[in-house]
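K.L.:
Take a look and give me a structure for this.
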Amino acid sequence: FEQLLDYCEIMSEAPKKRTFRKYFYRGVDLDKLLEMSLEQLSPLFTSRIRRRLKRGLKRGHEALLRKLRKAKKNTQIGEKPAVVKTHLRDMVIIPEMTGSMVGVYNGKIYNTVEIKPEMIGHYLGEFSLTYKPVRHGRPGIGATKSSRFIPLR
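P.N.:
Numbering: from 1, shown residues only. Below is the predicted model of the structure:
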């Protein structure tokens, strides 16, 4: 019984470490994804993205990747990299981009998007809405037949 009490005391003193869930994309963990080349990655993606990677990245997409690498390299440890602004809403998020900050243009402003591992295989444009979602409230004037009889102040 005393051994049990000693064990309980030891366990209560030890700080509890928070364990994070390891991220997997289609059965491959993030560390291995980062080591893979685009040719090795392409079988993991959907057919539309596979076709895109097979045909090669365009010059603008390559330039964005270069800017993201540079921004990541120039940051201090523990800080977020500088935001890289882009109009390339059709850029596919690849594992190399994780942890970067991208300003994605929505037609009016640049929405800052922090790229997380869960976003791999999606497009940048999916995270920067081009419209303001409808907020349904009370009906306005002329919305119904009965609203004609409501006096305007």
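
K.L.:
What are the boundaries of the helices in the protein?
P.N.:
Along the chain, counting by DSSP state H, helices occupy 2-13, 30-35, 38-41, 47-55, 59-73.

K.L.:
tell me the average confidence for stretch 96-103?
P.N.:
Mean pLDDT, stretch 96-103: 93.

K.L.:
The helices of the chain: which one's closest to residue 121?
P.N.:
Nearest to residue 121 among those is helix 47-55 (6.5 Å), distances taken as Cβ to Cβ. Quick note: C-beta positions are derived from backbone N, CA and C, even for glycine.

K.L.:
So what's the residue count around residue 96?
P.N.:
A count of neighbours around residue 96, defined by other Cβ atoms under 10 Å, yields 18.

K.L.:
measure it to residue 72 for me?
P.N.:
9 Å (Cβ to Cβ, to the nearest Å).

K.L.:
One more: residue 146?
P.N.:
Between residue 146 and residue 72 the computed distance is 60 Å (Cβ to Cβ).

K.L.:
Name the residue in those two with the higher neighbour count.
P.N.:
Set residue 146 next to residue 72 and count neighbours by other Cβ under 10 Å: residue 72 wins out with 18 against 8.

K.L.:
picking up where we left off before, I'd like the helices of the chain as TSV, with mean pLDDT appended.
P.N.:
Formatted as TSV, the helices of the chain follow (pLDDT from 0 to 100):
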stretch	mean pLDDT
helix 2-13	64
helix 30-35	89
helix 38-41	90
helix 47-55	93
helix 59-73	94
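
K.L.:
Fine by me, we can end here.
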